[in-house]
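1. Provide a 3D model corresponding to the input given below.
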Amino acid sequence: MTDKSPADPTPPAVESGFPANLESGYRAFLSGRFPAEQRRFRELAEGGQNPKVMLVGCCDSRVSPEVIFDARPGEIFVVRNIAALVPPFVPNDDYHGTSAALEFGIMALRVEHIVVMGHAQCGGIKAYVDNELDPYTRPLSPGDFIGKWVRLIAPAYEAAGAPPAGAEPGQLDGFLEKLGLESIKRSLANLRTFPGVKTLEERGLLHLHGAYFGVMDGRLLAYDEAQDRFVPVAAAEHAAALAEPRF
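-> Coordinates of the predicted model:
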């Protein structure tokens, strides 16, 4: 019989059914980033988090803020939801996950910046448009969680104007991007309906930003509110990155 020695620190393998790709990623984390960031994790555990930036992003698995902004642990306080929407301030008895995160970010963490980041090929934005263009089918029922949530896009849809008449789904890319950008602007306006946000912004203690990420090309746009337009971020570096051979 070959029992393990009590001094052997290696536990036996256990079949947990945990997703294999997550376990593999965790193993890579343990052998790579965790040793390099161990002091950082210890400081965060002992002293708590103190991020300066809060980001409202989309649940889409292709758009990870920590990856896009090469962020270290504790640098960005992130809340993600369908289509990166910010609801208006409505203090009632409903459940308000995004609003609660906003309240925590500004009141408890005292973040100095809030970024609302939408993205290209957003399923939530497309679902809303598809639903509006088909008068016979209403897949997003107002009684469903998703249907009720994406109704927040309605004011942005009105501001964006009607999509091209007779356009097929594959011909809507330009309008979908226009609506995505308009939705970011609407979310910024909704942010300002929160009394704490409005007060802190007026005192110069909080700054609001809009951003839009291109999934395919990695392009990042930032909203210039003074000129009411989205402008490229790090345009020269982005062009250079695309010019480099990948294969």
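2. ok, so what distance separates the residue positioned nearest the centre of the chain from Leu205?
-> Nearest to the geometric centre of the chain sits Gly57, at 1.4 Å (Cα atoms, centre = their mean). Gly57 sits at a distance of 23 Å from Leu205 (criterion: Cβ to Cβ, to the nearest Å). Placement of C-beta: from N, CA and C, glycine included.
3. export stretch 52-60 as CSV, just CAs?
-> Extracted as CSV, the C-alpha positions of stretch 52-60 are listed here (Å, rounded to 0.1, in the frame of the first residue of the first chain):
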residue,chain,number,x,y,z
LYS,A,52,-10.6,55.9,-9.3
VAL,A,53,-12.6,54.7,-12.2
MET,A,54,-16.0,53.0,-12.4
LEU,A,55,-17.0,51.5,-15.8
VAL,A,56,-20.5,50.5,-16.9
GLY,A,57,-20.1,48.0,-19.7
CYS,A,58,-22.0,45.3,-21.5
CYS,A,59,-22.2,41.6,-20.4
ASP,A,60,-20.9,40.6,-23.9
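4. Could you tell me which residues within that stretch count as buried?
-> Val53, Met54, Leu55, Val56, Gly57, Cys58, Asp60 (16 or more other Cβ atoms under 10 Å).
5. starting at the chain centroid, how far to stretch 60-79?
-> The chain centre lies 8 Å from the centre of stretch 60-79; the measure is Cα atoms, centre = their mean, to the nearest Å.
6. Would you work out how far apart the start and end of it are?
-> End-to-end distance of stretch 60-79 (Cα to Cα, to the nearest Å): 12 Å.
7. now the strands for this protein?
-> 53-58, 76-81, 113-119, 207-213, 220-224, 229-232 (DSSP state E).
8. quick one on the thing from earlier: beta partners of the residue nearest to the centre of the chain?
-> Arg80 (DSSP bridges).
9. Next up, the contacts around it.
-> With Cβ atoms under 8 Å, 6 or more residues apart in numbering as the criterion, the residues that contact Gly57 are Val63, Pro65, Val78, Val79, Arg80, Ala84, Met117, His119.
10. For those residues, which two are the farthest from each other?
-> Greatest spacing in the contacts of Gly57, by Cβ to Cβ: Val79 and His119 (15.1 Å).
11. Comparing those two, which residue is more hemmed in?
-> Taking neighbours as other Cβ atoms under 10 Å, Val79 and His119 compare with His119 leading, 23 against 19.
12. my guess is the more buried one contacts Ile68, does it?
-> No - the criterion here is Cβ atoms under 8 Å, and His119 misses it with Ile68 at 9.4 Å.
13. Which neighbours do those two have in common?
-> With Cβ under 8 Å, 6+ apart as the test, His119 and Ile68 both reach Phe213.
14. can you give me the helices in this structure?
-> In the chain, the helices defined using DSSP state H lie at 20-31, 33-47, 65-68, 97-103, 123-133, 145-150, 154-160, 173-191, 195-202, 235-243.
15. Would you mind putting those into a markdown table with distance to Val90 alongside?
-> Putting the helices of the chain into a markdown table (distance: least, Cβ to Cβ, whole Å) gives the following:
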| stretch | distance to Val90 |
| --- | --- |
| helix 20-31 | 36 |
| helix 33-47 | 33 |
| helix 65-68 | 26 |
| helix 97-103 | 8 |
| helix 123-133 | 20 |
| helix 145-150 | 12 |
| helix 154-160 | 14 |
| helix 173-191 | 10 |
| helix 195-202 | 12 |
| helix 235-243 | 38 |
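16. Which one, of those, ends up nearest to Arg219?
-> helix 235-243 (6.1 Å).
17. which helices and strands sit right next to that closest one?
-> The helices and strands touching helix 235-243, judged by 3 or more Cβ pairs under 8 Å, 6 or more residues apart in numbering; DSSP states H and E, number zero.
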